[in-house]
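Q: got a sequence here, can you model it:
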Amino acid sequence: MAKVIWTESALSELNFIVQYISLDKPSAANKLIKKILSATKQLELFPELGRTPSEISHLNYLEIIVNPCRIFYRIDDNKVYIVYIMRGKQDLKKYLLNG
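A: As a prediction, the model looks like this:
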């Protein structure tokens, strides 16, 4: 069983997304956070569950989709590091160039 570890930056982005959604729809924000936590918990048993993001296929990252979010992670030994989360509408390449 793998251990899921959230990075500080991923938690910060998740918080930002949830706060943004909760401005208009607090119940939708609560539902989203539950779906995201449930999906990332599945990675404990199935760390290879995700797919390779096409924009960064040359790197060792996987992603899972929890609409409207993309959750990026990497596997190291028996640990799954959640490294970044973004709204699906954002451009990952633009983020990588600015980051």
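
Q: hmm, Val18 is touching Lys31, no?
A: No - contact criterion CB atoms under 8 Å: Val18 and Lys31 do not qualify, at 10.3 Å. Every C-beta, even on glycine, is put in place using the N, C-alpha and C of the backbone.

Q: so the two - more neighbours on which side?
A: It is Val18, of Val18 and Lys31, that has more neighbours when counted by other CB atoms under 10 Å, with 17 against 12.

Q: tell me the pLDDT of that one.
A: pLDDT recorded at Val18 is 93.

Q: can you check His58 too?
A: Taking His58 on its own, its pLDDT is 83.

Q: Asp91 too?
A: 54.

Q: need the pLDDT of the residue lying farthest from the centre of the chain.
A: Relative to the C-alpha centroid of the chain, counting by CA atoms, centre = their mean, Asp24 is the outermost residue, at 22.0 Å. We have a pLDDT of 95 for Asp24.

Q: which positions within the helix or strand containing Lys31 qualify as buried?
A: Here Lys31 sits within helix 26-42, counting by DSSP states H and E. Using 16 or more other CB atoms under 10 Å as the test for burial, helix 26-42 gives 29, 32-33, 36, 39-40.
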